[in-house]
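Undergrad: the following block contains a protein sequence and its predicted model.
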Amino acid sequence: MSSPIDFDRYDRIRPIRWTGDALELLDQRKLPFVVEYRNCANSDEVAAAIHDLTVRGAPAIGIAAAWGVALAARGVEASDGAEAAHKLAPAMDRLNAARPTAVNLAWALARMRRTLGEAGPDWRKVIEREARAIETEDLAANREMGSLGAALMETGSGVLTHCNTGSLATAGFGTALGVIRAGVAEGRIARVFAGETRPWLQGARLTVWELQQDGIDATLIADSAASHLMKTGQVQWVVVGADRICANGDVANKIGTYQLAIAARHHGVKFMVVAPSSTVDMATPSGDSIEIEERDPGELFGVGGTRTVAEGILAWNPVFDVTPHALIDAVVTEKGVVERPDTDSMCAMFVD
Ligand code: MRU
């Protein structure tokens with residue numbers, strides 16, 4: 001049934017472009033109607049772009065931060081990598097502080113710091129090589145996960161996804177959206193539904209647009225239609241990405257993921273989390289220890305820049321939640337699939 005996936009057909013968007021002098025970021029605040037890259041000439045501009053969601057999605061912000069280190073290096077004189085790492089520490093701290101929940105940001109910066117610390121006089125080249133490696137490895141991981149995740153599905157399955165986990169959120173191909181691309185290409189997935197993902201509308205503005213570029217039909221639903229959709233029997237899997245996967249298998253992801261997992265279990269729909277191993281954080285024992293980012297409550301006061309809520313209303317805007325591992329059927333990474341994740345199965349896969 002399965003034929004090799006035509007990656008060029010199913011993966012055309014690139015959110016991050018390194019020019020050699022600057023980082024160009026596809027401005028995700030303006031999609032889908034304006035397709036425009038924002039130029040970042042220094043690491044603080046990259047940190048600002050991560051914070052204001054010009055670039056977003058756990059793997060993509062890690063990759064952008066790695067290139068941000070290469071930009072910060074432009075202003076530093078050092079005779080070896082250890083000295084450069086010392087001088088670059090403040091810029092790296094500012095990049096790290098741009099967003100708190102997705103571990104890929106801290107992971108990429110720690111990897112850059114470690115590699116830099118071991119570098120000699122050619123440390124500038126080493127930095128660029130490492131940033132490129134982080135990006136290339138992410139793309140390869142996504143392609144691998146696409147096949148692994150799709151293989152879990154029966155032919156003719158319907159899937160529901162949340163947020164945007166595609167090429168826009170990664171080096172390319174995507175995590176959960178990579179599984180969906182692979183599943184469609186292999187003929188396993190017959191129906192794709194995407195939740196709007198209030199309040200920032202990653203599903204409505206990004207995911208359905210991204211799939212449209214590939215010629216994959218996706219049906220948009222209001223987030224509040226998810227349980228009803230499951231009840232109709234049109235979806236057999238919920239497939240989502242992750243911002244951090246803990247040692248016990250708990251998963252932090254876009255707000256609304258947790259309620260999808262509860263509804264999925266109630267309706268006998270399977271729940272799959274797809275993320276590269278750079279999203280796995282074995283140093284965080286459970287979801288209780290994760291800092292959940294809260295953003296401007298103003299995001300809840302309107303749609304598309306038009307105010308819809310009366311003045312003087314209070315709002316609370318946590319942008320991630322934690323899905324307990326007991327609600328997850330499979331965690332798919334490029335290293336393999338962990339079914340029914342818990343501390344033992346996570347350690348077996350991720351502790352050497
Ligand atoms: O706030 P965002 O848009 O950066 O949140 C993104 C998500 O929650 C994604 O599901 C997650 O980062 C995985 S992206 C491959």
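TA: Received it, and whenever you're ready, just let me know what you need. Computed from a predicted structure; not experimentally measured. Numbers count the residues shown, from 1 in each chain.
Undergrad: biggest helix in this structure by residues?
TA: helix 123-150 (DSSP state H).
Undergrad: which elements pack onto that helix?
TA: strand 16-18, helix 58-72, helix 81-96, helix 103-117, helix 176-185, strand 270-274, strand 330-333, strand 336-339 (3 or more C-beta pairs under 8 Å, 6 or more residues apart in numbering; DSSP states H and E). Where C-beta positions appear, they are placed from N, C-alpha and C, glycine not excepted.
Undergrad: next structured bit after it?
TA: Next helix or strand after helix 123-150 toward the C-terminus (DSSP states H and E): strand 157-161.
Undergrad: got the residues of the protein near the ligand?
TA: Residues of the chain lying close to the ligand (C-beta under 6 Å from any ligand atom) are 56-59, 102, 163, 165, 169-170, 175, 202, 241-243, 253-254, 319.
Undergrad: switch to 5 Å and redo it
TA: Contacts of the chain with the ligand, taken as C-beta under 5 Å from any ligand atom, map to R56, G57, A58, C163, T165, A169, T175, Q202, G241, D243, N253, K254.
Undergrad: looking at those, which are in helices?
TA: A58.
Undergrad: touching, T323 and I255? I think so.
TA: No: counting by C-beta atoms under 8 Å, T323 stays clear of I255, with 11.1 Å between them.
Undergrad: of all the residues in this protein, which one is nearest the ligand?
TA: Residue nearest to the ligand within the chain: G241 (2.8 Å; C-beta to the nearest ligand atom).
Undergrad: list phi and psi for that residue.
TA: phi -90, psi -160 (degrees, to the nearest 10).
Undergrad: tell me which element the residue lying farthest from the centre of the chain falls in.
TA: Using C-alpha atoms, centre = their mean, the residue of the chain lying farthest from its centre is S79. It sits 35.9 Å away. Taking DSSP H and E as the definition, S79 sits outside all helices and strands.
Undergrad: just give the nearest non-adjacent residue to it, would you?
TA: Distances taken as C-beta to C-beta, 6 or more residues apart in numbering place P121 nearest to S79, at 6.3 Å, with adjacent residues excluded.
Undergrad: any idea how far that neighbour is from R74?
TA: The gap separating P121 from R74 is 17 Å, by C-beta to C-beta, to the nearest Å.
Undergrad: kindly report the same for Q236.
TA: Counting by C-beta to C-beta - Q236 and R74 are separated by 50 Å.
Undergrad: same check on A169?
TA: 27 Å.
Undergrad: settle it for me: which of those two has more neighbours?
TA: Remark: of A169 and R74, A169 carries more neighbours, 28 against 11, as counted by other C-beta atoms under 10 Å.
Undergrad: who's in contact with that one?
TA: By C-beta atoms under 8 Å, 6 or more residues apart in numbering, the contact list for A169 reads P15, R56, G57, A58, P59, A60, C163, T175, L177, G241.
Undergrad: understood, closing this out.
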